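Student: Predicted model and sequence follow; I will ask about them next.
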Amino acid sequence: MKIAYWFRAQLKRSFDRIKNEDLKKNALQAIPFWIASVITGVVAVAYTKLFLWAESLTAVVFNYHAWLLFVLTPGCFWLAWWLVRRYAPYARGSGIPQVAAAIQVSSPTTSYIVDKLLSFRIIVVKMASSLVMGIGGATIGREGPTIQIAASIYKLVYQVLPAWWPKIAKRNMIVTGAAAGLAAAFNTPLGGIVFAIEELTKTHFSYFKTAIFSSVIIAGLSAQALLGPYLYLGYPKIDNLSGYIFLLVAMVALICGILGSGTSKLILFIFSLKKRMKFKYNQAVYVIGCGLAMAFIAYFINVGVLGSGKELMVKVLFTHDKYSAWYTPLLRMGGSVISFTTGAAGGVFAPALSSGASIGSLISGWFKLPDSDANMLILAGMVGFLTGVTRSPFTSVILVLEMTDRNNVIFHLILAGMVASLAAVLMDKHSFYDRLKHQYIEELIADEKNQKVVEALEERTDERLEAAEEEE
């Protein structure tokens with residue numbers, strides 16, 4: 001503590017010597033963003049490596065004795081669910097709705113509420129729960145969790161700023177943290193910026209665009225310094241496309257938009273059913289049942305149901321085995337529903353991308369398309385399905401473009417995003433994340449009301465005790 005106090009004092013003296021007040025203020029406001037960006041990049045890389053290790057461990061177990069999944073998967077699902085339920089209930093699921101909820105409720109008087117959504121405990125539990133799910137072979141991604149983790153890091157940096165530091169809006173810190181988290185997770189800086197604008201904030205962007213730009217760049221560079229420059233997927237072959245490909249892109253996007261939104265509605269429906277489970281053991285039984293269902297599908301049907309789905313995307317984009325079987329999209333969507341409804345931590349970004357890729361691959365097989373045309377439909381499927389879930393077409397387009405570096409098909413992907421966005425409305429007017437965000441806010445409000453009831457009862461109890469003492 002003495003060292004920290006001395007360091008702050010020295011820092012304050014150094015900045016007090018700067019005569020240019022505007023320069024001093026701008027520098028002080030930028031420093032917290034830069035520090036948080038470096039931390040985010042390092043944590044994102046460590047989390048990525050651990051997540052890849054967790055997924056590889058599942059493959060080792062399956063290849064050693066596949067029947068062990070009937071023990072490993074239910075056990076991991078239950079442990080991941082228990083960690084969230086016991087230590088941090090708001091660490092469950094993707095993390096993006098929690099960040100959106102924190103942005104909406106953030107104000108000087110609601111710090112204790114935001115702490116339930118973004119905190120150091122959230123970081124630890126989020127990582128632990130999602131990694132345990134990964135070991136169990138769950139169909140989850142690490143991208144959504146990385147966003148909640150990054151937003152928590154930025155909030156923690158905000159909290160330790162001394163009182164004399166120039167004022168920074170907490171909401172801006174959270175938004176910037178989320179953007180930096182996505183950029184570090186996918187190595188997609190533009191995707192992080194567009195995501196912040198399109199998905200997370202309705203505020204005037206110009207007020208903090210410099211903070212977002214610089215934070216995304218620093219977080220990305222920090223991640224690249226440890227992982228090296230890389231593309232999330234690679235460079236798929238897309239040249240000499242057929243003249244009719246736009247029609248097939250629109251068709252794939254239409255199907256993926258409807259299925260992405262439909263999958264989200266199914267998850268929300270299961271959540272509504274789970275709310276009726278009044279006893280803890282009912283939910284525990286459901287979670288274990290989900291683990292057994294995943295193990296059953298992997299053992300008796302196809303192991304492709306396990307994992308985030310990145311291997312599937314790499315296979316259909318970069319090998320001659322481009323045409324998926326008719327049941328592959330069902331496995332990817334079903335695995336995502338089973339895994340996400342457990343209530344443990346885990347994202348839907350990567351599973352959504354792999355579901356879309358499998359649909360594009362399947363339709364390519366129907367028409368026996370050549371490699372380039374097939375790759376185009378696979379990318380269109382990825383954009384379409386992710387848009388169906390998130391309703392953020394431009395974010396989906398930019399992410400897929402940056403993951404593959406195929407800028408020559410930007411118009412094809414924009415078409416896919418717009419068609420999928422329109423198609424998704426047929427299933428639900430609101431996005432999956434919006435629905436979950438409102439659920440979290442309602443939960444927080446209910447918790448506050450319950451807390452007030454408890455406090456009122458405690459006050460009444462104290463009054464009765466005091467009255468009884470006076471009578472004695």
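Tutor: Received the coordinates, thanks.

Student: Let me know the distance separating the residue lying closest to residue 436 once chain neighbours are set aside from residue 127.
Tutor: Of all residues beyond its chain neighbours, the one nearest residue 436 is residue 97 (3.6 Å), with distances taken as C-beta to C-beta, 6 or more residues apart in numbering. From N, CA and C alone the C-beta is placed, and that goes for glycine too. Remark: distance between residue 97 and residue 127 (C-beta to C-beta, to the nearest Å) = 18 Å.

Student: the more surrounded of these two?
Tutor: When residue 97 and residue 127 are compared for neighbours, residue 97 comes out ahead with 24 against 21, by other C-beta atoms under 10 Å.

Student: What does the pLDDT read for that one?
Tutor: Residue 97 is assigned 91 on the pLDDT scale.

Student: and the strand or helix carrying residue 386, what does it pack onto?
Tutor: Taking DSSP states H and E as the criterion, residue 386 maps to helix 371-390. In this structure, helix 371-390 packs against helix 245-274, helix 310-318, helix 349-367, helix 393-404, helix 410-425, helix 432-471, with contacts taken as 3 or more C-beta pairs under 8 Å, 6 or more residues apart in numbering; DSSP states H and E.

Student: Excluding covalently adjacent residues, which one is nearest to the residue nearest in space to the middle of the chain?
Tutor: The centroid of the chain falls nearest to residue 144 when counting by C-alpha atoms, centre = their mean (0.9 Å). Leaving aside its chain neighbours, residue 144 sits nearest to residue 347 (2.9 Å; criterion: C-beta to C-beta, 6+ apart).

Student: Pull the number of nearby residues for the one you found.
Tutor: If you count neighbours by other C-beta under 10 Å, residue 347 ends up with 25.

Student: Repeat that for residue 322.
Tutor: By other C-beta under 10 Å, 21 other residues sit near residue 322.

Student: mind listing what residue 338 touches?
Tutor: Counting by C-beta atoms under 8 Å, 6 or more residues apart in numbering, residue 338 touches 139, 290, 293, 294.

Student: An error on my part: the question was meant for residue 79.
Tutor: residue 132.

Student: Checking it next. Helix, strand or coil?
Tutor: Under DSSP: H, G, I helix; E, B strand; the rest coil, residue 79 falls in the helix class.

Student: Distance-wise, check it relative to residue 284.
Tutor: Residue 79 sits 11 Å away from residue 284, going by C-beta to C-beta.

Student: my read: residue 286 touches residue 274, true?
Tutor: Yes. Using C-beta atoms under 8 Å, residue 286 is in contact with residue 274, at 6.8 Å.

Student: Please say which of the two ends up with more neighbours.
Tutor: Higher neighbour count among residue 286 and residue 274: residue 286, with 19 against 15, using other C-beta under 10 Å.

Student: List the contacts of that one.
Tutor: By C-beta under 8 Å, 6+ apart, the contact set of residue 286 is 274, 277, 342.

Student: Among those residues, pick out the one closest to residue 240, please.
Tutor: In terms of C-beta to C-beta, no member of those lies closer to residue 240 than residue 342, at 44.9 Å.

Student: Is residue 158 in contact with residue 173, as I believe?
Tutor: Yes. Assessed by C-beta under 8 Å, residue 158 is found in contact with residue 173 at 4.6 Å.

Student: Quick check: neighbours shared by those two?
Tutor: Common contact partners of residue 158 and residue 173 (C-beta under 8 Å, 6+ apart): residue 32.

Student: Neighbour count for these two, which is higher?
Tutor: Using other C-beta under 10 Å as the criterion, residue 158 and residue 173 rank with residue 173 on top: 27 against 20.

Student: mind checking which helix or strand that one is in?
Tutor: Counting by DSSP H and E, residue 173 is found in helix 170-186.

Student: Following the chain past that helix, name the next helix or strand.
Tutor: The helix or strand immediately downstream of helix 170-186 is helix 189-195, counting by DSSP H and E.

Student: roughly how far out does that following helix sit from the chain middle?
Tutor: Distance, stretch centre to chain centre, for helix 189-195: 14 Å (C-alpha atoms, centre = their mean, to the nearest Å).

Student: now stretch 155-162
Tutor: Centroid separation for stretch 155-162 versus its chain: 23 Å, with C-alpha atoms, centre = their mean.

Student: The helix holding residue 386: how far from the chain's middle?
Tutor: Mean-position distance between helix 371-390 and its chain equals 19 Å (C-alpha atoms, centre = their mean).

Student: I'd like the average pLDDT over that helix.
Tutor: Rounded mean pLDDT across helix 371-390 is 95.

Student: dump the residue contacts of residue 82.
Tutor: Residue 82 sits next to residue 284 when contact means C-beta under 8 Å, 6+ apart.

Student: separation between it and residue 280?
Tutor: As defined by C-beta to C-beta, residue 82 lies at a distance of 10 Å from residue 280.

Student: Over to residue 176?
Tutor: Distance, residue 176 to residue 280, by C-beta to C-beta: 38 Å.

Student: How about residue 155?
Tutor: Residue 155 sits 30 Å away from residue 280, going by C-beta to C-beta.

Student: do the same with residue 272
Tutor: 18 Å.

Student: now the helices for the stretch 51-200 of the chain?
Tutor: 69-87, 96-105, 111-117, 120-135, 143-159, 170-186, 189-195 (DSSP state H, counting those that start in this stretch).

Student: Name the nearest residue to residue 226, ignoring sequence neighbours.
Tutor: Distances taken as C-beta to C-beta, 6+ apart place residue 45 nearest to residue 226, at 4.4 Å, with adjacent residues excluded.

Student: right, and the one you found touches residue 223 too?
Tutor: Yes. Counting by C-beta under 8 Å, residue 45 touches residue 223, with 5.2 Å between them.

Student: Is residue 238 in a helix, a strand, or coil?
Tutor: Of the three states, residue 238 takes coil under three-state DSSP.

Student: That one: what's it in contact with?
Tutor: 372, 375, 376, 379, 406, 408, 409.

Student: repeat for residue 407
Tutor: By C-beta under 8 Å, 6+ apart, the contact list for residue 407 reads residue 401.

Student: Model confidence score at it, please.
Tutor: The model's pLDDT for residue 407 equals 82.

Student: same thing with residue 9?
Tutor: pLDDT, residue 9: 69.

Student: One more: residue 454?
Tutor: pLDDT at residue 454 comes out at 55.

Student: and residue 293, how many neighbours?
Tutor: Using other C-beta under 10 Å, residue 293 has 18 other residues around it.

Student: Using the three-state scheme, assign the residue lying closest to it once chain neighbours are set aside.
Tutor: Of all residues not flanking residue 293 in the chain, residue 338 sits nearest, at 5.6 Å (C-beta to C-beta, 6+ apart). Three-state assignment for residue 338 (three-state DSSP): helix.

Student: now residue 338: how far from residue 140?
Tutor: Remark: distance between residue 338 and residue 140 (C-beta to C-beta) = 10 Å.

Student: circling back: more neighbours: residue 155 and residue 280, which one.
Tutor: Legend: neighbour count by other C-beta under 10 Å for residue 155 and residue 280, higher for residue 155 (25 against 10).

Student: Can you give me the pLDDT of the residue nearest to that one when sequence neighbours are not counted?
Tutor: Spatial nearest neighbour of residue 155, chain neighbours left out: residue 118 (4.7 Å); criterion: C-beta to C-beta, 6+ apart. pLDDT recorded at residue 118 is 93.
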